[in-house]
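Trainee: Give me the fold of what follows.
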Amino acid sequence: MFNILYGFAAGTAVILGPSFALCTKKFQIFVDMILEIIADYEKEIALYKDWNFDAFDLWPYLMINDKIAAVIYSIRGLSAGCYYGGFEQFGTLYHYADGWRDPNIFFDNVTNNFGYIYTAGRDLIFYMIGDRRTPVKDEYGFAVLLG
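Mentor: A predicted model of the protein is given here:
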């Protein structure tokens, strides 16, 4: 569900401001670091699956804890980028929600982005019928095209 919402938000982003770009970049780094920490712990714990602790070494665990500290320190940059990126997205959505006063916003959007709309529709149809020629491979890509 998160991938669908995240993809839809990325697909509807009319402007990609610096805060929203920072949020997406920091979030990807954050997730990659957490997955790397989990993989490192699994690798180290697998060494002692038979309860033989003769070759125990503290150094790998210290390195893993250093990565955990880096994750903790990156939370501030992630939260600030996403906080201000939310304001950028809200401002853009407010601009489009105000389209009932000036319907030319929607007309200009459709005429300027007709090629993208056509290509997105084609790729969505190919994804739904299971054709391998579509670039959409998961729900995130589907939501980006839908947005």
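
Trainee: per the record, what domains does the chain have?
Mentor: 2-101, 113-147 (automatic domain parsing).

Trainee: roughly how far is the last one from the heart of the chain?
Mentor: For domain 113-147, the separation from the chain centroid amounts to 18 Å (computed by C-alpha atoms, centre = their mean, to the nearest Å).

Trainee: buried stuff in that domain?
Mentor: Residues 120, 123-124, 127, 134, 136, 139-146 are the ones in domain 113-147 that count as buried (16 or more other C-beta atoms under 10 Å). Every C-beta, even on glycine, is put in place using the N, C-alpha and C of the backbone.

Trainee: mind listing what's buried in the top helix by length along the chain?
Mentor: Across the chain, the longest stretch assigned as helix under DSSP state H is helix 59-97. If you call a residue buried by 16+ other C-beta under 10 Å, then helix 59-97 has these buried ones: Ile64, Leu78, Gly81, Cys82, Tyr84, Gly85, Glu88, Gln89, Thr92.

Trainee: Now render those as a markdown table, adding pLDDT.
Mentor: Listed next are the buried residues of helix 59-97 as a markdown table, based on pLDDT from 0 to 100:
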| residue | pLDDT |
| --- | --- |
| Ile64 | 87 |
| Leu78 | 80 |
| Gly81 | 75 |
| Cys82 | 78 |
| Tyr84 | 76 |
| Gly85 | 74 |
| Glu88 | 73 |
| Gln89 | 71 |
| Thr92 | 70 |
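
Trainee: I'd like those residues laid out as TSV, including distance to Lys26.
Mentor: TSV is the format used below for those (distance: C-beta to C-beta, whole Å):
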residue	distance to Lys26
Ile64	21
Leu78	4
Gly81	5
Cys82	8
Tyr84	12
Gly85	10
Glu88	15
Gln89	16
Thr92	20
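
Trainee: In this structure Thr136 contacts Tyr127, no?
Mentor: Let me fix one detail, which is that residue 136 is Val and not Thr. Yes. Taking contacts as C-beta atoms under 8 Å, Val136 lies within contact range of Tyr127: 4.2 Å.

Trainee: Now for these two: what residues contact both?
Mentor: Residues touching both Val136 and Tyr127 (C-beta atoms under 8 Å, 6 or more residues apart in numbering) are Phe142.

Trainee: related to what we said a few turns ago, closest one to Val110 out of the buried residues of helix 59-97, please.
Mentor: When the buried residues of helix 59-97 are compared for distance to Val110 (C-beta to C-beta), Thr92 wins out at 16.8 Å.
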